[in-house]
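Colleague: Turn this into a model:
(chains A and B)
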Amino acid sequence: MLQESSHLSDRDLLLWADGELPSQRTAEMRRHLNACWTCRTRMAEMEHTIADFIQLYGNEFQQDPPPIEGPRALLKARMAERAALTAVGSNIWFSRIRQVLAAAVLAALLLTAGVAIRMSLHGDYARPRISAVPNVSLTPGAINPIGIQDVCSASVSTNDPAVPDPLKREVMREYGLHDVPSNAYEIDYLVTPQLGGAADIRKLR
Amino acid sequence: MSDAPKDSTLDLRLLGAAARRNPGKPRLEEEITELFDQWRGALLRYLSTFGLPQHDSEEVVQEVFLSLFSHLQKGKARTNLRGWLFRVAHNLALKRREADRKAAGIAANVDHLAHPALNPEEELASNRRQRQLSSILRALPEQDRRCLYLRAEGLRYREIAEVVGMSLGSVAASLERSLARFERADRR
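Modeller: Numbers count the residues shown, from 1 in each chain, chains lettered A, B, ... in the order given. Okay, here's the model as predicted:
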């Protein structure tokens, strides 16, 4: 709170005149200035000095700038040029991104192809191409001669008998499957034994 | 002194109005052109206080607005564009003046007030008080002069502080000190 008896400092007067004080302080100063002729006179002196400086500033430094049309047109042209350069830069950037992506896709494809070739040539994946269809020369289908009574007999099981492991391995060897576990493939009868198929390597596939 | 809007919020209204008037044109270029029309005169006047030739001042103004174009293109802050413009102009002018001084072989620490030479007629026309104030102005430290010039262009203390790189309190102290020196001239 300002004391009525004390006068305002030049700093306060300047800040007040320039609107740089908080609103509460501004209101206090206004009340003081309304009451204090001394501070109002001092304020007027400062305003007079400011007015003199403004006149000096106006006299010493350029007041009427040259016509604006030329500089404005130049600025517009420069902005257009800069915008175009930015757009070209963006296009180049996106073009580079596309090139990099294309190269990455190509590299991935080549890598995949290389891995596939390697897998087909080496390791556990080096397996001969095997047809799902039994090879007729290897599995001609050996049979036992049986009659209708044998087929319709109640004692005949509906399940195929299990193929012994040694026989499985022999079958796989004939099909070119070397060093492969016997349970890696399912070995079935070409002619199920219930219908007269023989437990002979020639009818297994 | 400043005939441009005092409040930088007007800049933002201006930007919006420009966009509405010319919806088909590139919006940013239009905004920058509007600001150029609004602030070029004040910036040229402020730049002339650095003693730059007219052509150089005009070129600095171009650089300022191209910088603003890049600034806004990058989506950077639009707050207090007036302070931003004066700050960039101030820094560019200092650089250019420094380059000119080096080219002319003048020591960088010699502070020259930009003061156009008065011809005899102007000398006669200028009254005694103005000449006194002019000599006092030339004797002030450059930072104090900068504060006066920027205040004359309507910048708030906060904006002046940002342009010249001083604290808010230092700006107030500088202005008070300069006015006191002018007043002492009256009493002589």
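Colleague: domains of chain B?
Modeller: If you go by automatic domain parsing, the domain ranges for chain B are B:1-108, B:119-188.
Colleague: List the residues that contact the spatially closest residue to A:Arg11 that is not a sequence neighbour.
Modeller: Spatial nearest neighbour of A:Arg11, excluding adjacent residues (Cβ to Cβ, 6 or more residues apart in numbering or on different chains): B:Glu176 at 5.2 Å. Quick note: C-beta positions are derived from backbone N, CA and C, even for glycine. B:Glu176 makes contacts with A:Asp10, A:Arg11, A:Leu14, as judged by Cβ atoms under 8 Å, 6 or more residues apart in numbering or on different chains.
Colleague: continuing past the one helix or strand in chain B whose mean pLDDT sits lowest, what's the next helix or strand?
Modeller: For chain B, the helix or strand with the lowest mean confidence is helix B:9-21, at a mean of 51 (criterion: mean pLDDT, DSSP states H and E). Later in the chain than helix B:9-21, the nearest helix or strand by DSSP states H and E is helix B:27-48.
Colleague: Any buried residues in the helix or strand that that next one is followed by, and which?
Modeller: Counting by DSSP H and E, the next helix or strand C-terminal to helix B:27-48 is helix B:54-73. Residues B:56-69, B:71-72 are the ones in helix B:54-73 that count as buried (16 or more other Cβ atoms under 10 Å in any protein chain shown).
Colleague: do helix B:54-73 and chain A meet?
Modeller: Yes: interface with chain A: helix B:54-73 contributes B:Gln54, B:Glu58, B:Val61, B:Gln62, B:Phe65, B:Leu66, B:Phe69, B:Ser70, B:Gln73 (Cβ under 8 Å from any Cβ of the partner chain).
Colleague: In JSON lines, list these along with pLDDT.
Modeller: As requested, the residues of helix B:54-73 next to chain A are exported to JSON lines (pLDDT from 0 to 100):
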{"residue": "B:Gln54", "pLDDT": "90"}
{"residue": "B:Glu58", "pLDDT": "96"}
{"residue": "B:Val61", "pLDDT": "97"}
{"residue": "B:Gln62", "pLDDT": "97"}
{"residue": "B:Phe65", "pLDDT": "97"}
{"residue": "B:Leu66", "pLDDT": "96"}
{"residue": "B:Phe69", "pLDDT": "95"}
{"residue": "B:Ser70", "pLDDT": "93"}
{"residue": "B:Gln73", "pLDDT": "89"}
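Colleague: Show me which of those is closest to B:Met166.
Modeller: B:Val61 (23.8 Å; Cβ to Cβ).
Colleague: Please verify my assumption that that closest one contacts A:Pro71.
Modeller: Yes: the pair B:Val61 / A:Pro71 is scored as a contact, 7.1 Å apart, by Cβ atoms under 8 Å.
Colleague: shared neighbours of the two, anything?
Modeller: Joint contacts of B:Val61 and A:Pro71 (Cβ under 8 Å, 6+ apart) are B:Phe36, B:Arg40.
Colleague: Surely A:Gly176 is in a helix?
Modeller: No: counting by DSSP: H, G, I helix; E, B strand; the rest coil, A:Gly176 is not found in a helix; it is coil.
Colleague: Can you report how many residues neighbour it?
Modeller: 11 (other Cβ atoms under 10 Å in any protein chain shown).
Colleague: Next: B:Ala161.
Modeller: Neighbour tally, B:Ala161, other Cβ under 10 Å: 21.
Colleague: do A:Ala84 as well
Modeller: Around A:Ala84 there are 10 residues (other Cβ under 10 Å).
Colleague: for B:Arg128, same thing?
Modeller: When neighbours are defined as other Cβ under 10 Å, B:Arg128 has 7 of them.
Colleague: On the pLDDT front, check it for me.
Modeller: If you check B:Arg128, the pLDDT there is 79.
Colleague: likewise B:Glu122?
Modeller: 56.
Colleague: Over to A:Lys76?
Modeller: For A:Lys76, the predicted pLDDT is 94.
Colleague: Strands along chain A, start to end?
Modeller: With DSSP state E as the criterion, chain A has no strands.
Colleague: buried subset of the contacts of B:Glu176?
Modeller: Of the contacts of B:Glu176, these count as buried by 16+ other Cβ under 10 Å: A:Asp10, A:Leu14.
Colleague: ok, and for the helix or strand harbouring B:Arg138, which residues are buried?
Modeller: Using DSSP H and E, the element containing B:Arg138 is helix B:128-139. By neighbour count on 16+ other Cβ under 10 Å, the buried set for helix B:128-139 is B:Gln132, B:Leu133, B:Ser134, B:Ile136, B:Leu137.
Colleague: Also stretch B:143-160?
Modeller: B:144-157, B:159-160.
Colleague: what does it contact?
Modeller: A:18, A:20, A:53-54, A:57, A:61, B:1-2, B:4, B:6, B:42, B:45-46, B:49, B:80, B:82-83, B:86, B:90, B:113, B:137, B:140, B:163-164, B:166, B:168, B:171-172, B:174-175, B:177-178.
Colleague: how close does A:Trp16 get to chain B?
Modeller: For A:Trp16, the distance to chain B (Cβ to the nearest Cβ, to the nearest Å) stands at 11 Å.
Colleague: That residue contacts A:Met29, correct?
Modeller: Yes: using Cβ under 8 Å, A:Trp16 makes contact with A:Met29 at a distance of 4.8 Å.
Colleague: what's the burial count for A:Ile143?
Modeller: 16.
Colleague: what helix or strand is the closest residue to B:Met166 other than its chain neighbours on?
Modeller: Nearest non-adjacent residue to B:Met166, counting by Cβ to Cβ, 6+ apart: B:Gln143, 6.7 Å away. Element membership for B:Gln143 (DSSP H and E) is helix B:142-152.
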